[in-house]
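J.: Sequence unavailable; structure follows:
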């Protein structure tokens, strides 16, 4: 279980998150929404160790993670994508995944399955955006993450591409991995999530669930 | 081969060690203005070991590399929080502190009727290993090239490993590196330490070849030159820094008419080359494209 | 009493450093880049002035005008070659490397213009003043005043004029500034020209005090300017001035306590400590974030 416990953070005197407490379980499919500046990216940064909250803790199966460096969060199985695509610009697609020790066969099969196959020899500047986004998710999935946070993965995609992306997530994110998607666009949330967390202007979170 | 040519080639090989040392730091994303200090540490340790303690030359070289590596590790540890300009200036301070301290160390001694020992600004003279062992310039060149060749092979093998991938990842995008579980500070420390070892080894050979070393040989300009060679040669492969060395020393030295104005030409050349090749001639993008085209299809 | 005299000497001498640091800080503060060729550009400006003077004889005013004009023109050359082609975040490193290549080039050109080791620099001569048993050098008081006037003028320009607003906007985000009508290219030229005039003034004052110019002035002013800027806090104009005064103060006292040969060691030692313990310098955290992630919006 991944837990945000009483998370509070503010910047320059403005509260962004206040007493935010939520629990996430393996296999959850969570959509995180809220207006601009409501703290969605901040929340992901805190959840993945890139920001330290002023108050509150992050716990993974009871183990306190707050204060550890971000790379340690990643090693605990908490992975993420970023708002703007982060792929190494000088490296072809098939070489983007070497940071993890992994099985070449599973990598290959994963890449074949997810229609990335024909882009393997190309550099990120030559690859269309939806494929880049998928590659980022694949990179995270290779590590067998326990919780995967995606930060606005459909920014810049057309409706058709978004639908394809939603299908890709449904098919390839393992059942025991918790998926949390931050998105402005409701259609993705509707297709992927069975639980909705909404950050409102009071810096609190409210939850709704739907099947 | 003429002695003159052998000398030039030896000097090129020796400074290649320094250029490769700057390269190793650039790979993890930092610019160091201080590599000349590790070169100097290597030089002084070997001089001391061979002259004062009569150590076998292999041991002296090893000791030089070790001391320089430890010094580099110290710098890396102290500067963990620093990056960019701050790290560059900190490395400059470290190197200058080393050089200025050397000026204060005056322990001259007389051996076999000759003055030797570290004597402040006068330097350390009469490092007589090559004379005592009747080593010709050409032989020393062979030795240096053998060492350099070994180093290049090690680096070439390293290039294909995950270690190098992660190091370049840290250098290119620290945040991405952390998000995939790579530990930036560990790679920084290891590579900076390795850069010290490489520079120290080169400095040791330099001391033996030159037979006389003094603190002002290890000043800012030496380090800045080595850095420039690395950057215009390119960071894509270990051959890059060597190309930078070849361009400056090889090309411009051989065009006699230009040699008086070498820095004017070389400086301008670097600036212009950087406009066209901001990451150097043998840059990572170029190397990866070549690798891509020559690999068997997945 | 001696403490007071030494302190005063130090602070007044530090005013020269303050002026140098202002020039570095202007470029770094406005354009977020380091111009390592700055010191050499001032050397070349002075060298050109001396060379002209030796051929056709200028009075102190003429010498001053030629120095600042030449310095400004050389700085514009540096800007066009090293900074204009490298925009954006990835251009930061390339522009710094290009600028130190040009540093080497300008130093060499200056050496060609000043073939003897020192050349006379017939600038202005100002006498000294004695107040309450304290001995104050007139030229150093002038330095201090020029620094204060310069920083006030810069502040006025940056905060109160439209041009200053454009400068700050293009520093923050060149792309957006361009969209809003700022001529980013011209702004770069003007900034460097201002830095050139400012630096030329400081070079003129420093060299007038010294009475002569040597080719080592380039390296000297680069190091002093950088150290002063970093002591005060990178990117802060006030910090540059305070850093320069502080550097002068510290140097005067360490020279007094330990002797002149330890002056440079203490300079670098203090800077190294500052970088490790409080990289933000005097002006503090506001101008530096050790946590690189705070820089980036992720």
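T.: In hand now; what should we look at? Just so it is clear, the model here is predicted, and its values are computed rather than measured.

J.: Which neighbouring elements make contact with the host helix or strand of residue C:274?
T.: Assigned by DSSP states H and E, residue C:274 belongs to helix C:263-277. If contacts are counted by 3 or more CB pairs under 8 Å, 6 or more residues apart in numbering or on different chains; DSSP states H and E, helix C:263-277 sits against helix B:84-104, helix C:217-232, helix C:237-258. Any C-beta I mention is one placed from the backbone N, CA and C, and that applies to glycine too.

J.: so where's the chain shaky on pLDDT?
T.: Answering for chain A, as no chain was given. A:101-103, A:114, A:201-211 (pLDDT under 70).

J.: Let me rephrase: I mean chain C.
T.: Across chain C, the stretches falling below the confidence threshold (pLDDT under 70) are C:172, C:174, C:285-298.

J.: What residues does the stretch 101-250 of chain B have near chain A?
T.: With the criterion set to CB under 8 Å from any CB of the partner chain, the stretch 101-250 of chain B comes near chain A through B:162, B:165-166, B:168-169, B:172-173, B:175-184.

J.: Could you tell me how far the residue lying closest to residue A:187 once chain neighbours are set aside is located from residue A:172?
T.: For residue A:187, ignoring the flanking residues on the chain, the nearest one in space by CB to CB, 6 or more residues apart in numbering or on different chains is residue A:162 at 6.2 Å. Plainly put, residue A:162 is 16 Å away from residue A:172 if you go by CB to CB, to the nearest Å.

J.: what about these two, which has more around it?
T.: residue A:162 (18 against 15; other CB atoms under 10 Å in any protein chain shown).

J.: how close does residue B:52 sit to residue B:211?
T.: With CB to CB as the criterion, residue B:52 and residue B:211 are 15 Å apart.

J.: and the helix or strand encompassing residue B:69, does that touch chain C?
T.: With elements taken from DSSP H and E, the one containing residue B:69 is helix B:57-78. Yes. Contact between helix B:57-78 and chain C is present through residue B:78 (criterion: CB under 8 Å from any CB).

J.: Please compute how far that helix lies from its chain's middle.
T.: What separates the centre of helix B:57-78 from the centre of its chain is 13 Å, taken as CA atoms, centre = their mean, to the nearest Å.

J.: likewise stretch C:91-106?
T.: In terms of CA atoms, centre = their mean, the gap separating the centre of stretch C:91-106 from the centre of its chain is 16 Å.

J.: Which stretches in the chain count as strands?
T.: Assuming you mean chain A. Per DSSP state E, chain A has strands spanning A:2-11, A:14-24, A:29-34, A:55-60, A:63-64, A:78-80, A:147-151, A:178-182, A:195-199, A:205-209. These are given in chain order.

J.: hm, I was asking about chain C
T.: Along chain C, the stretches classed as strands by DSSP E are C:119-120, C:128-131, C:134-137, C:212-213.

J.: Within the sheet, what are the partner strands of the third one, with directions?
T.: To tie it back to what came earlier, the one meant is strand C:134-137. The sheet places strand C:134-137 alongside strand C:128-131 (antiparallel), with pairing taken from DSSP bridges.

J.: Give me the spatial nearest neighbour of the closest residue to chain B within the stretch 51-200 of chain C, chain neighbours excluded.
T.: Closest to chain B within the stretch 51-200 of chain C is residue C:105: 2.8 Å, counting by CB to the nearest CB. Closest residue to residue C:105 apart from its sequence neighbours, by CB to CB, 6+ apart: residue B:267 at 2.8 Å.

J.: Distance check, the one you found against residue C:225.
T.: Plainly put, residue B:267 is 20 Å away from residue C:225 if you go by CB to CB.

J.: Does chain C have contacts with the helix ranked longest in chain B?
T.: For chain B, the helix reaching the highest residue count under DSSP state H is reported as helix B:184-210. No. Helix B:184-210 is not in contact with chain C by CB under 8 Å from any CB; minimum separation 9.6 Å.

J.: what comes up buried for that helix?
T.: By neighbour count, and taking 16 or more other CB atoms under 10 Å in any protein chain shown as the criterion, the buried residues in helix B:184-210 are B:184-185, B:187-210.

J.: same question, stretch C:145-159
T.: The neighbour-count criterion (16+ other CB under 10 Å) identifies C:146-147, C:150-151, C:154, C:158 as the buried residues of stretch C:145-159.

J.: which residues sit against that stretch?
T.: Outside of stretch C:145-159, the residues that reach it under the criterion CB atoms under 8 Å, 6 or more residues apart in numbering or on different chains are C:15, C:18-19, C:22, C:26, C:163-164, C:167-168, C:194, C:198, C:201-202, C:205, C:237-238, C:240-241, C:244.

J.: how does it look with 7 Å?
T.: With CB atoms under 7 Å, 6 or more residues apart in numbering or on different chains as the test, stretch C:145-159 has contacts from C:15, C:18-19, C:22, C:26, C:163-164, C:167-168, C:198, C:201, C:205, C:237-238, C:241.

J.: Please apply the same query to stretch C:75-92.
T.: With CB under 7 Å, 6+ apart as the contact definition, stretch C:75-92 has outside contacts at B:271, B:275, B:278, C:31-33, C:35, C:37, C:41, C:94-95, C:98-99, C:102, C:174, C:185, C:188-189, C:192-193, C:195-196.

J.: count of neighbours near residue A:170?
T.: Counted by other CB under 10 Å, the residues lying close to residue A:170 total 12.

J.: Correction: the previous question concerned residue A:6.
T.: 13.

J.: Return the most buried member of the strands of chain C.
T.: Taking mean count of other CB atoms under 10 Å in any protein chain shown as the contact definition, the stretch among the strands of chain C with the greatest mean neighbour count is strand C:212-213, which reaches a mean of 20.

J.: what packs against it?
T.: If you count contacts as 3 or more CB pairs under 7 Å, 6 or more residues apart in numbering or on different chains; DSSP states H and E, strand C:212-213 packs onto helix C:38-56, strand C:119-120.

J.: partners of it in the sheet?
T.: Sheet pairing for strand C:212-213, assigned by DSSP bridges, gives strand C:119-120 (antiparallel).

J.: Go ahead and measure how far the partner strand is from the middle of the chain.
T.: Going by CA atoms, centre = their mean, the spacing between the C-alpha centre of strand C:119-120 and its chain's C-alpha centre is 22 Å.

J.: Would you mind pulling the contact partners of that strand?
T.: Contacts to strand C:119-120, defined as CB under 7 Å, 6+ apart, come from residues C:50, C:211-213.

J.: Rebuild the residues you listed as JSON lines, extending it with distance to residue B:32.
T.: Rendered in JSON lines, the data for those read as follows (distance: CB to CB, whole Å):
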{"residue": "C:50", "distance to residue B:32": "35"}
{"residue": "C:211", "distance to residue B:32": "37"}
{"residue": "C:212", "distance to residue B:32": "34"}
{"residue": "C:213", "distance to residue B:32": "31"}
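
J.: Looking at those, which is nearest residue A:54?
T.: Nearest to residue A:54 out of the contacts of strand C:119-120 is residue C:213 (CB to CB; 55.3 Å).

J.: Could you give the residue of chain A that lies closest to chain B?
T.: With distances taken as CB to the nearest CB, chain A approaches chain B most closely at residue A:74, which sits 3.7 Å away.

J.: For that residue, which non-adjacent residue is spatially closest?
T.: residue B:181 (3.7 Å).

J.: thinking again about what came up before, the residue of the stretch 51-200 of chain C closest to chain B contacts residue B:268, doesn't it?
T.: Yes. Residue C:105 lies in contact with residue B:268 (CB atoms under 7 Å); the separation is 5.5 Å.

J.: buried sites along the host helix or strand of residue B:178?
T.: Secondary structure from DSSP H and E places residue B:178 in helix B:174-179. Taking 16+ other CB under 10 Å as the neighbour-count basis, helix B:174-179 is seen to contain the buried residues B:174, B:176-179.

J.: And for stretch A:141-148?
T.: Taking 16+ other CB under 10 Å as the basis for neighbour counts, the residues of stretch A:141-148 that come out buried are A:141-143, A:145-148.
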